[in-house]
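Trainee: Okay, sequence plus prediction incoming.
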Amino acid sequence: MASRKERLAFCFNAIGKEFKKGACGCSDFPKDFSIKDVSVLTLLGEQPMMMSELAVELSLTPGTMTTKVDNLIKKKFVERAFDTEDRRKVYIQLTNKGESVYNVILQSHLDMAGDLLKKLNSQEQETYVKLTEKLIL
């Protein structure tokens, strides 16, 4: 039998995959988007980031991250922006088109969270949310 830690890790991994697949399956969603593309837009939806920060967050090499971002720039989902105080710093940020896709991702996450919570009664839902917040926040 798997340990609690292994079972929890499996559950988090499975939930993460479902959220990402759910976003990619939306009718409003670009068909050629990968799960990594979803991850990039989700991170950038929170705030613009430097390429090196994105690479660390996504566990990608700088070269792979550059290729990924260049492809998203070509598709006009993200753009490079120079820091106003230090022009050596370049941030990657969402374009209006990228912002629209980010909003689709957020809505799909909300829809999936609602579907998951429906499997629990009201008390279980509250307990689950409180425990998850305690673990994550």
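Mentor: Structure's in. What do you need? Numbers count the residues shown, from 1 in each chain.
Trainee: same for the helix or strand hosting residue 12, what does it pack against?
Mentor: In this assignment (DSSP states H and E), residue 12 forms part of helix 4-24. The helices and strands touching helix 4-24, judged by 3 or more C-beta pairs under 8 Å, 6 or more residues apart in numbering; DSSP states H and E, are helix 35-46, helix 96-117. No exception for glycine: its C-beta is placed from N, CA and C like everyone else's.
Trainee: just checking, what packs against the first one?
Mentor: So the one you mean is helix 35-46. Packed next to helix 35-46, using 3+ C-beta pairs under 8 Å, 6+ apart, are helix 4-24, helix 51-58, helix 62-74, strand 78-82, strand 90-94, helix 96-117.
Trainee: swap the cut-off to 7 Å and go again
Mentor: Secondary-structure packing of helix 35-46 (3 or more C-beta pairs under 7 Å, 6 or more residues apart in numbering; DSSP states H and E): helix 4-24, helix 51-58, helix 62-74, strand 90-94, helix 96-117.
Trainee: what's the closest of these to residue 134?
Mentor: Across the helices and strands packed on helix 35-46, residue 134 has its closest neighbour in helix 4-24 (13.1 Å, C-beta to C-beta).
Trainee: hang on, residue 85 is in a strand, isn't it?
Mentor: No. Going by DSSP: H, G, I helix; E, B strand; the rest coil, the assignment for residue 85 is coil, not a strand.
Trainee: pLDDT wise, what is it at?
Mentor: Note for residue 85: predicted pLDDT of 91.
Trainee: Could you report the neighbour count for it?
Mentor: If you count neighbours by other C-beta atoms under 10 Å, residue 85 ends up with 6.
Trainee: Torsion angles phi and psi at it?
Mentor: Backbone torsions of residue 85, given as degrees, to the nearest 10, read phi -100, psi -30.
Trainee: Reformat the helices and strands packed on helix 4-24 into JSON lines and put distance to residue 52 next to each item.
Mentor: Formatted as JSON lines, these follow (distance: least, C-beta to C-beta, whole Å):
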{"stretch": "helix 35-46", "distance to residue 52": "13"}
{"stretch": "helix 96-117", "distance to residue 52": "20"}
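Trainee: Cheers, nothing more for now.
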